[in-house]
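Asker: The following comprises the amino acid sequence and a computationally predicted model.
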Amino acid sequence: APCASSRISSEFCSSKRHKNVEMIPQCTVMVQSGKVDRPTIQNNSDNNQNQSHDDTDMDPPKPSSNQNSNNGSNDSSSNSNDSNNNEERTSKDYYFDSYAHHGIHEEMIKDEVRTRTYQMAIMQNKHLFKDKIVLDVGCGTGILSMFAASAGAKHVYAVDCSSIIDSAKKIVEINGFKDQITLIKGKVEDIELPVETVDILISEWMGYFLLYESMLDTVLYARDKWLAPNGLILPDKAILYIAAIEDAHLKHERIDFWDNVYGFDMSVIKDAALREPVVDVVDAKNVVSNAYPILKLDIKTCTKKDLAFSSRFAIKAKRNDYVHGFVSYFDCAFTHIHKPLGFSTAPHARYTHWKQTVFYMGETLTVCENETIEGEISCRPNKKNPRDLDIELYVNFQGQHSKKDGTMDFRLR
Ligand code: SAH
């Protein structure tokens, strides 16, 4: 996966999106794990697997994990030649503008948990969209803009800096939205809108570990610049969680692997491998503890400062087991609509292209049922490359059979 673990370098690839999406039939809902005040999420899905409780037997599909991903497109428009013709694009264009290729958009659109939730949040709230001015931040193929136009928006401004917008222009025209949707090519931070304010801001900005790629910065910039005082923002809530996992098998494959590579000792790489969070599917059966919310974002009011955060946590083992690391995932919700909606990217929820993010520890903890692991997780954009995240994980465990008191540094890039 374009998971951190399979990347070459941040220059080469850092897109939050990657290939191989499993088609799933329905939109999912927020999970119900205590702790935080959540919106009551209504799911008009017929599948209860989504009402996840921790011991569900559902095995998420495991896509192969060898995809590549590319550089985030924000810094890219100036690098790519401005070829409007897909046929003329070369790997160089895609290298600097990973969102230019239709494949990444195919993956996102086919992520039905994602796309259906947006579709329902918009199309089932026609009363909110009727005659409104809408801004779509990072419109890609224009799909969210077309939902908004279908829901009766008076006008939609759709902005994207990637050359995918050249296709979006044609798509919008072919589908009869030419007069209702205006596409603007450029970075949100650089463009001008023909209106002073917008009534509704829509965007799909979430990255791995929620914040990877920092596209939320762009959404907050647009909100502060254009959103009317009583304007709506979709989605408006996001919550990031951490839980402990048993993962002997995959940790062995990913980390201990370096001890003996075709007979050679490559263990010098182990330390670097350990410091890279792994983006991949975690089986719900591997989750050993409850989940603790380490970040709750209200997109309507949060600021860029909130995106560098530090949170203490305490999680309790639900059975005797071994802990090799931690899993992190997020929920996302639309709570200011008629009937709140949301989805979860938890191990026990349906597969999404965000999968989960895993942090391995060097050592293994032996935990007994009801023992508590305490800790603190801090996350901030890397100083040199703000698109990368520096994550510090402090763990304090004083169990009957094992103890740990130490800090690990990770870098998501
Ligand atoms: N809204 C589409 C695409 C989401 S992917 C969908 O839901 O399918 C995010 C998009 O935001 C990408 O196409 C990327 O090129 C664009 N983007 C990211 N940062 C941007 C910025 N600063 N200015 C303009 N577009 C941006």
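Answerer: Arrived safely, thanks for sending. Since we're looking at a predicted model, the values are computed, not measured.

Asker: Let's see the pLDDT reported for the closest residue to the ligand within the chain.
Answerer: For the chain, the residue closest to the ligand is residue 138, as judged by Cβ to the nearest ligand atom, at 2.2 Å. In short, each C-beta sits where N, CA and C put it, glycine included. We have a pLDDT of 97 for residue 138.

Asker: likewise residue 89?
Answerer: For residue 89, the pLDDT comes out at 74.

Asker: Might one say that it is in contact with residue 163?
Answerer: Yes - between residue 89 and residue 163 there is a contact at 7.5 Å, judged by Cβ atoms under 8 Å.

Asker: Have a look at these two and say which one is more surrounded.
Answerer: Taking residue 89 and residue 163 together and counting by other Cβ atoms under 10 Å, residue 163 has the greater number of neighbours (26 against 17).

Asker: Assess the claim that the more buried one and residue 93 are in contact.
Answerer: Yes - counting by Cβ under 8 Å, residue 163 does reach residue 93; the two are 7.2 Å apart.

Asker: Could you list the residues in contact with stretch 296-311?
Answerer: Stretch 296-311 has contacts (Cβ atoms under 8 Å, 6 or more residues apart in numbering) with 36, 210-211, 214, 216-217, 219-220, 223, 233, 235-240, 294-295, 336, 376-381.

Asker: and residue 194, how many neighbours?
Answerer: For residue 194, using other Cβ under 10 Å, the count is 8.

Asker: how close does it sit to residue 184?
Answerer: 9 Å (Cβ to Cβ, to the nearest Å).

Asker: So for those two, which residues contact both of them?
Answerer: Common contacts of residue 194 and residue 184 (Cβ under 8 Å, 6+ apart): residue 157.

Asker: just to revisit the earlier point, could you measure from the residue of the chain closest to the ligand over to residue 297?
Answerer: Relative to residue 297, residue 138 is positioned 17 Å away (Cβ to Cβ).

Asker: So for the two, which residue has more residues nearby?
Answerer: Ranked by neighbour count (other Cβ under 10 Å), residue 138 and residue 297 place residue 138 first, with 25 against 21.

Asker: near the ligand, which residues of this protein?
Answerer: Residues of the chain found near the ligand (Cβ under 6 Å from any ligand atom) are 73-74, 99, 105, 108-109, 138-141, 143-144, 159-162, 164, 187-189, 204, 215, 218.

Asker: Can you flag the buried ones in the residues you listed?
Answerer: Among the residues of the chain next to the ligand, the ones that count as buried by 16 or more other Cβ atoms under 10 Å are 73-74, 99, 105, 108, 138-141, 143-144, 159-162, 164, 187-188, 204, 215, 218.

Asker: Show only the entries of these found in strands.
Answerer: When DSSP state E defines the strands, the subset of these inside them is 159-160.

Asker: In this protein, which strand is the longest?
Answerer: strand 321-334.

Asker: Mind giving me the packing neighbours of that one?
Answerer: helix 112-123, strand 237-245, helix 248-254, strand 341-344, strand 356-367 (3 or more Cβ pairs under 8 Å, 6 or more residues apart in numbering; DSSP states H and E).

Asker: export it as PDB, just CAs?
Answerer: Coordinates of each C-alpha in strand 321-334 appear next as PDB, following Å, rounded to 0.1, in the frame of the first residue of the first chain:
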ATOM      1  CA  ASP A 321      -3.000 -11.300  25.200                       C
ATOM      2  CA  TYR A 322       0.300  -9.800  23.800                       C
ATOM      3  CA  VAL A 323       0.500  -6.300  22.500                       C
ATOM      4  CA  HIS A 324       2.900  -5.600  19.600                       C
ATOM      5  CA  GLY A 325       1.700  -2.100  18.800                       C
ATOM      6  CA  PHE A 326      -1.100   0.300  18.300                       C
ATOM      7  CA  VAL A 327      -3.700   0.900  15.700                       C
ATOM      8  CA  SER A 328      -5.100   4.300  14.900                       C
ATOM      9  CA  TYR A 329      -8.200   5.200  12.800                       C
ATOM     10  CA  PHE A 330     -10.800   7.900  12.400                       C
ATOM     11  CA  ASP A 331     -14.500   8.500  12.300                       C
ATOM     12  CA  CYS A 332     -16.000  11.300  10.300                       C
ATOM     13  CA  ALA A 333     -19.500  12.900  10.600                       C
ATOM     14  CA  PHE A 334     -22.000  15.200   9.100                       C
END
